[in-house]
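next comes the sequence, and after it the predicted model I'd like to discuss.
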Amino acid sequence: MNYLDTLKNITKDSKRKRENLILLLVLLVILLISINYIFKEDKSENETVVEEEIKEQKSDTVSLEEKLSEIINQISGITEASIVINYSNNGSNDIVYDTKETLNEQGNVLSVERSVAYNEENGNKTAIIQMYNMPTVEGVIIVGKGVESADVKQKLSTAIGNLLGIASYKVQVFEK
């Protein structure tokens, strides 16, 4: 008896047909789950490293505001200066990836596997960053005592605008 005859005999009986169909569905579900598990990339480690890098970038932007406040407070006649910088985005990292391609006999790409490239020092893994794109500054507000004159406001606007690479009209200075 060949395979076709066996399949025909199985499909003749409706009770066996249902049982075989259910068995086939169960096997397909198990197969899909196992394929997903086998080819699943360990993203949890990659995501935590990238999240740590983003937290460091955000703390850099806060420290920039603090540094600028300290510098403004050192200017003669200006005290209690505070600064807020408005960004249009959070900046981004161009992270280096290790790429592994699987080719078939004809040289065509069958699959591409990418994973984050790491530097490891003292057991700590950090993602290798090719380039850091700074956040785009949209505007700045400065508040401080001693900035009532138009000349001081204009000089502060020009200085902060030049430092951050924005037009001086995007920098607003107010008396505290």
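Received, thanks.

Y118 is in contact with I129, isn't it?
No. Y118 lies out of contact with I129 (C-beta atoms under 8 Å); the separation is 11.0 Å. C-beta: built from backbone N, CA, C; applies to glycine.

for the chain, which element, helix or strand, carries the lowest mean pLDDT?
Counting by mean pLDDT, DSSP states H and E, the chain has its least confident helix or strand at helix 3-12, which shows a mean of 64.

how far off centre is the helix or strand following that one?
Downstream of helix 3-12, the next assigned helix or strand under DSSP states H and E is helix 14-39. In terms of C-alpha atoms, centre = their mean, to the nearest Å, the gap separating the centre of helix 14-39 from the centre of its chain is 38 Å.

for helix 14-39, the averaged confidence score.
For helix 14-39, the mean pLDDT works out to 78.

need the contact list for I166.
I166 sits next to 137-140 when contact means C-beta atoms under 8 Å, 6 or more residues apart in numbering.

among the residues you listed, name the buried ones.
137, 139-140 (16 or more other C-beta atoms under 10 Å).

export the residues you listed to JSON lines and append columns for pLDDT, secondary structure and distance to E113.
As requested, the buried ones among the contacts of I166 are exported to JSON lines (pLDDT from 0 to 100; DSSP: H, G, I helix; E, B strand; the rest coil; distance: C-beta to C-beta, whole Å):
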{"residue": "V137", "pLDDT": "87", "secondary structure": "strand", "distance to E113": "38"}
{"residue": "G139", "pLDDT": "92", "secondary structure": "strand", "distance to E113": "43"}
{"residue": "V140", "pLDDT": "92", "secondary structure": "strand", "distance to E113": "44"}
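
all helices of this protein, in order?
Ranges of helices in the chain, per DSSP state H, are 3-12, 14-39, 43-73, 150-164.

so what's Y169 up against?
By C-beta under 8 Å, 6+ apart, the neighbours of Y169 are S157.

then stretch 123-139 to PDB, C-alphas only?
Only the C-alpha atoms of stretch 123-139 are listed here, as PDB (Å, rounded to 0.1, in the frame of the first residue of the first chain):
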ATOM      1  CA  GLY A 123      32.300  42.500  33.300                       C
ATOM      2  CA  ASN A 124      30.200  45.500  32.100                       C
ATOM      3  CA  LYS A 125      28.900  45.400  28.600                       C
ATOM      4  CA  THR A 126      28.400  48.700  26.700                       C
ATOM      5  CA  ALA A 127      27.100  49.100  23.200                       C
ATOM      6  CA  ILE A 128      29.600  50.400  20.700                       C
ATOM      7  CA  ILE A 129      28.400  53.700  19.400                       C
ATOM      8  CA  GLN A 130      29.500  54.800  16.000                       C
ATOM      9  CA  MET A 131      28.100  58.300  16.200                       C
ATOM     10  CA  TYR A 132      26.000  60.300  18.700                       C
ATOM     11  CA  ASN A 133      23.600  62.700  17.200                       C
ATOM     12  CA  MET A 134      23.000  65.600  19.600                       C
ATOM     13  CA  PRO A 135      19.400  66.600  20.300                       C
ATOM     14  CA  THR A 136      18.100  69.500  18.200                       C
ATOM     15  CA  VAL A 137      17.800  72.700  20.300                       C
ATOM     16  CA  GLU A 138      14.600  74.600  19.500                       C
ATOM     17  CA  GLY A 139      14.800  77.400  22.200                       C
END
